[in-house]
Each structure stands twice: as structure tokens, then as C-alpha cells.
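# Sharing a model prediction with you, sequence too.
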Amino acid sequence: GQQLNQSPQSMFIQEGEDVSMNCTSSSIFNTWLWYKQDPGEGPVLLIALYKAGELTSNGRLTAQFGITRKDSFLNISASIPSDVGIYFCAGHPGGGTSYGKLTFGQGTILTVHP
Amino acid sequence: GAGVSQSPSNKVTEKGKDVELRCDPISGHTALYWYRQSLGQGLEFLIYFQGNSAPDKSGLPSDRFSAERTGGSVSTLTIQRTQQEDSAVYLCASSSRTGKETQYFGPGTRLLVL
């Protein structure tokens, strides 16, 4: 089945630093989503991307939908302690009988040191 | 408004027993999804319901797993004859319509099979 490769697997950064993580796919996705999951909680949607080349911001977060439709990037600027958590990318091919289900990356564990 | 709710939040059971997990989607959402998250892993798609259409069961790992959605709202995921490898967090999500896959997740049910 489809696979998403998310990197890095984990990051240890100092408060105030910028963070970048990315996700690549072996096949095309027409929707890319970025989620954050806190311990004991379900994933919360951060940014949704629906168009190749799209660049979308949500506060200190910026995500881009790659031109090839096989990758996406998430950047966090000026990190703060509450950014700690697991970040997941998710993709959706769009259309057909597979409409609905998301394919998730393995997650990036972010630790922010004050 | 209320988000996706799941019950129980935690479930400990003995190997071989059956378990039922419940999901209440966001009111008015026509699509409902079940995912499984094993420790330190991304989310694995299990099953997807959309309106009155036949569900997409392509992610169910074995015939011990089944799910129903009654009245287009509440869903129950049933695992029969549980095995230790079934231990995971079971997440439910709902969305308002296909085409814009902004899926909203519940907090999950943490299942431990002893």
C-alpha cells in the first residue's frame, strides 16, 4: 500500500529555534494534512493543503504542498515549550473508492528545551 | 460544539475476550473513520463509513475485527477473541464531507490485552 516517509523521526531543540520536518511519498497525494498529537490525546489538525505548490501559514506554523504532489514540508518558527509533541503528516489521494482514508507518516517527536 | 467522543477511554481485557469500542462523531458529520495507533507508530487505517454507502473495510487486519454504524451516527468497533497484538490506541475521526479531508479525531481508546 501507499507509504509516507516522514523525517526526522525525532528532534531535540532549544526554545526559540526554528524547526523543519518533511514527508515524502512514493505516489501522488492530492491532499496533505499536518497534525499534532499531545500525550493521551487524539491528533489535532494544524494545517490542510489542497493544491500543489500551496503554501499555508497558521501562526508560527507554515506548511507547503510540494509541486510534484509527492512531498510536503512543515516549518515551525521560534519554537516554544508547548510545541512539544508528535507531528504527523497525512496524505489523501482523492477520488475513487479509496476516498476518505488517510495515509499517515510515522511521526516526528519534537522536544523543546527551555 | 462538541467534538468526537470515544468510550471507554481505557480498556484492559484478557486474551480471548471480546471488546466493544464506541465512537460518537461530531453532529452532522457524514463520514466516520477508525484508525489504530500502536506504540510509537503512526496511524493505521481500519475502516471508513460514508453516509449510506457500503463501508470501506480494506484496513481491517483480520475477521476478528468488525464495525457498525447505526443511524448514520454512533459507531462501534468490535474485536473478537482479542490477542495481545491488538493492544493499541484506537482512534475515531469524523469529517463533514469528502473532498475536503479535514478529519477531526477523538481522544482514543487505549486497549491493553493481557
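Received it, and whenever you're ready, just let me know what you need.
# CA only for contacts and neighbour counts going forward, please
Will do.
# separation between the nearest residue to residue A:73 once chain neighbours are set aside and chain B?
Nearest in space to residue A:73, with sequence neighbours left out and distances taken as CA to CA, 6 or more residues apart in numbering or on different chains, is residue A:22 at 4.3 Å. Going from residue A:22 to chain B by CA to the nearest CA, to the nearest Å gives 15 Å.
# pLDDT averaged over the helix or strand harbouring residue A:22 - what is it?
Using DSSP states H and E, residue A:22 maps to strand A:19-25. Computed over strand A:19-25, the mean pLDDT rounds to 96.
# coming back round to it: please list all residues in contact with the residue nearest to residue A:73.
Residues in contact with residue A:22 (CA atoms under 8 Å, 6 or more residues apart in numbering or on different chains) are A:6-8, A:71-74.
# ok, those residues vs residue B:61, which is closest?
Distance ranking of these against residue B:61, using CA to CA, places residue A:6 first at 23.4 Å.
# I'd like to know the predicted local confidence at that closest one, please.
95.
# Listing partners with orientation, what would you give for the helix or strand where it lies?
Assessed by DSSP H and E, residue A:6 sits inside strand A:4-7. In the sheet, strand A:4-7 lines up against strand A:19-25 (antiparallel) (DSSP bridges).
# all strands for the chain, in order.
The chain I'm using is chain A. Applying DSSP state E to chain A gives strands spanning A:4-7, A:10-14, A:19-25, A:31-37, A:44-49, A:55-58, A:61-65, A:71-76, A:85-92, A:103-104, A:108-113.
# my bad, the chain I had in mind was chain B
B:5-7, B:10-13, B:19-24, B:31-37, B:43-50, B:65-69, B:75-79, B:88-95, B:104-105, B:109-113.
# what about residue B:9, how many residues close to it?
Neighbourhood size, residue B:9 [other CA atoms under 10 Å in any protein chain shown]: 16.
# what about dumping the CA coordinates of stretch A:32-41 to CSV?
In CSV, the C-alpha atoms belonging to stretch A:32-41 read as follows (Å, rounded to 0.1, in the frame of the first residue of the first chain):
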residue,chain,number,x,y,z
TRP,A,32,-1.7,16.9,2.5
LEU,A,33,-2.5,17.4,6.2
TRP,A,34,-0.4,18.1,9.2
TYR,A,35,-1.5,17.0,12.7
LYS,A,36,-0.1,17.4,16.2
GLN,A,37,-0.7,14.8,18.9
ASP,A,38,-0.2,15.5,22.6
PRO,A,39,0.2,12.6,25.0
GLY,A,40,-3.0,10.9,25.7
GLU,A,41,-4.9,12.8,23.1
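# in that stretch, what counts as buried?
A:32-37 (16 or more other CA atoms under 10 Å in any protein chain shown).
# who are the neighbours in contact with the closest residue to residue A:32 other than its chain neighbours?
Once flanking residues are discounted, residue A:32 sits nearest to residue A:91: 4.6 Å by CA to CA, 6+ apart. Applying CA under 8 Å, 6+ apart to residue A:91 gives the contacts A:4, A:29-33, A:102-104.
# I would like a PyMOL command selecting only the buried ones among those, please.
The PyMOL selection below is limited to those of the contacts of residue A:91 classed as buried (16+ other CA under 10 Å):
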select buried, chain A and resi 4+29+30+31+32+33+102+103+104
